[in-house]
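Colleague: Here is the input, now give the coordinates:
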Amino acid sequence: MFKFPLQLCFDILKSWLAKNPDAAGFKRNGESIFGELALFQDYHGIPEFKKALAEFMSEIRGNKVSFDPNHLVLAAGATSANETLMFCLAEPGEAFLLPTPYYPGFDRDLKWRTGVEIVPIHCTSSNGFQITETALQEAYQEAQKRNLRVKGVLVTNPSNPLGTTMTRNELNMLVSFVEDKGIHLVSDEIYSGTAFSTPSFVSVMEILKERKCDENGSDVWNRVHVVYSLSKDLGLPGFRVGAIYSNDDRVVSAATKMSSFGLVSSQTQYLLAAMLSDKKLTKNYISENHKRLRQRQKKLVSGLQKAGISCLKGNAGLFCWVDMRHLLRSNTFEAEMELWKKIVYEVRLNISPGSSCHCTEPGWFRVCFANMSEDTLDLALQRLKAFVTEYYNIPEVNGHHQTIRLNHSRRRSLTKWVFRLSFDDRSPIPGR
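Modeller: The predicted model follows:
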């Protein structure tokens, strides 16, 4: 039910394709270029696409920063981009610090083939799960206790699973931290185009510009790297389009050579070059996407509130970070899993438990809202409200209890591996 990817603005893309048949038909000026695209591929990428992608990344960020296409490395999705960066920046057995809660797939993407270790930066609900200087230093010290050499910090901004953007204070603190330690900062910004409300999204590249790192010769200019993708901002995970942006020529060179293991097809690049070069389309898409995300998130938050459930205040992403701590039988992760299984088996909704995201507090769940019709979302909320009312005797806002009853005798047909895999909704199939 609550599964990626974004589908709210498919109609805009479909309309553009219908009006631009040459792009989808691999034609230029009415003449087929199928053979040209099918017979050769340069791992540096098609220049027209890299230029269009760089300009779209700038537009997403309000044109406050610009991106040099020559410093873009294409990859088969952000999963591939993040793994490639780990290969470039760290040796097996070295570590990256990640703030919790974080996307569960990082345990796979960053570690499995690279041998890199993850050390958590423990964040809590006391300040909305923002990174603090204390938590950052404690994570660094923990790595040292484990005899792990820290090579960098990796953050997602906007955050998955929190649905929030990082503050300027957090970003400046991180840049100062990596500058002081002489390590790298990777900013996964694949949700940058989903910031639908205030405060607005601030890219780490904007922070570097404000600090004039490119002018004062600071080494940190070459040690901050951005990961981007069109899977979330355009809702195209099946196209497998990701990118690395780095000011370090050595990283760009090495990553470009490694991209041979995960290229973006020439046909995909050609189609998206035409699409992203249409400034009227991109302007309308960004605006309408923000509008629809804002409306859908408001609908989810309102519906959850009617069921007595609150959320972390969010302003970005395709999901909400939902507080169900009051529904736990005890303040334990065992109780969290018990509640999650009830929601899966009896309510038939697959939401992500906070423990899968390495959250330090039991009872938080990630709920996605951008991949379904309004009718489906209404049904999901109706089921959840009925479940809460029946199990926990919580009245509706108007004082009347929900009358819908759940069938507790449903056959429990899901196996254990379904639960394990359901933690990871960013796998290559169906989408990162």
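Colleague: Now do Lys111 against Ala254, distance only.
Modeller: 20 Å (CB to CB, to the nearest Å). (C-beta placed from N, C-alpha, C; glycine too.)
Colleague: Same question for Tyr392.
Modeller: On the measure of CB to CB, Tyr392 and Ala254 end up 54 Å apart.
Colleague: With neighbour numbers in mind, choose between the two.
Modeller: Neighbour totals were compared for Tyr392 and Ala254, and Ala254 leads with 18 against 11 (other CB atoms under 10 Å).
Colleague: How much space separates that one from Ser246?
Modeller: Distance from Ala254 to Ser246, by CB to CB: 10 Å.
Colleague: any idea which helix or strand carries Glu138?
Modeller: helix 133-145 (DSSP states H and E).
Colleague: buried residues in that helix?
Modeller: Within helix 133-145, the residues scored as buried using 16 or more other CB atoms under 10 Å are 135-136, 139-140, 142-143.
Colleague: can you list those in JSON lines and add pLDDT and distance to Arg250?
Modeller: Listed next are those as JSON lines, based on pLDDT from 0 to 100; distance: CB to CB, whole Å:
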{"residue": "Ala135", "pLDDT": "97", "distance to Arg250": "31"}
{"residue": "Leu136", "pLDDT": "97", "distance to Arg250": "26"}
{"residue": "Ala139", "pLDDT": "98", "distance to Arg250": "27"}
{"residue": "Tyr140", "pLDDT": "98", "distance to Arg250": "25"}
{"residue": "Glu142", "pLDDT": "97", "distance to Arg250": "29"}
{"residue": "Ala143", "pLDDT": "98", "distance to Arg250": "24"}
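Colleague: could you dump these to TSV with distance to Phe96?
Modeller: Output for these, formatted as TSV (distance: CB to CB, whole Å):
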residue	distance to Phe96
Ala135	15
Leu136	13
Ala139	10
Tyr140	11
Glu142	13
Ala143	9
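Colleague: Nearest to Pro69 among those?
Modeller: The shortest gap between Pro69 and any of the buried residues of helix 133-145 belongs to Leu136, at 33.1 Å (CB to CB).
Colleague: Any stretches of the protein with poor pLDDT?
Modeller: 1-6, 40, 393-432 (pLDDT under 70).
Colleague: Can you say which helix or strand has Val227 in it?
Modeller: strand 224-229.
Colleague: and after the longest helix along the chain, which helix or strand comes next?
Modeller: Identified as the longest helix of the chain according to DSSP state H is helix 279-306. Note on helix 279-306: by DSSP H and E, the next helix or strand toward the C-terminus is strand 310-311.
Colleague: list the helices and strands that next one packs on?
Modeller: Contacts defined by 3 or more CB pairs under 8 Å, 6 or more residues apart in numbering; DSSP states H and E place strand 310-311 against helix 279-306, strand 319-323.
Colleague: Out of those, flag the one nearest Gly163.
Modeller: Here strand 319-323 is closest among the helices and strands packed on strand 310-311 (CB to CB), at 5.3 Å.
Colleague: Could you list which residues are in contact with Ile33?
Modeller: Listed by CB atoms under 8 Å, 6 or more residues apart in numbering, the contact partners of Ile33 are 26-27, 270.
Colleague: Show only the entries of the residues you listed found in helices.
Modeller: Tyr270.
Colleague: Only whichever of the contacts of Ile33 are buried, select them in PyMOL.
Modeller: Here is the PyMOL command that selects the buried residues among the contacts of Ile33 (16+ other CB under 10 Å):
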select buried, resi 26+270
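Colleague: Turn the contacts of Ile33 into JSON lines, including distance to Arg149.
Modeller: Output for the contacts of Ile33, formatted as JSON lines (distance: CB to CB, whole Å):
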{"residue": "Phe26", "distance to Arg149": "48"}
{"residue": "Lys27", "distance to Arg149": "52"}
{"residue": "Tyr270", "distance to Arg149": "43"}
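Colleague: coming back round to it: how far off centre is the helix holding Glu138?
Modeller: Centroid displacement of helix 133-145 relative to its chain, using CA atoms, centre = their mean, to the nearest Å, is 25 Å.
Colleague: Can I get it in PDB? Just the C-alpha atoms.
Modeller: What follows is helix 133-145, C-alpha atoms only, in PDB (Å, rounded to 0.1, in the frame of the first residue of the first chain):
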ATOM      1  CA  GLU A 133      27.400  18.800  17.800                       C
ATOM      2  CA  THR A 134      27.400  16.500  20.800                       C
ATOM      3  CA  ALA A 135      25.900  13.600  18.800                       C
ATOM      4  CA  LEU A 136      28.400  14.200  16.000                       C
ATOM      5  CA  GLN A 137      31.400  14.100  18.300                       C
ATOM      6  CA  GLU A 138      30.100  11.100  20.100                       C
ATOM      7  CA  ALA A 139      29.700   9.100  16.900                       C
ATOM      8  CA  TYR A 140      33.300  10.100  15.900                       C
ATOM      9  CA  GLN A 141      34.600   9.000  19.200                       C
ATOM     10  CA  GLU A 142      32.600   5.700  19.000                       C
ATOM     11  CA  ALA A 143      34.300   5.000  15.700                       C
ATOM     12  CA  GLN A 144      37.700   5.600  17.200                       C
ATOM     13  CA  LYS A 145      36.900   3.200  20.100                       C
END
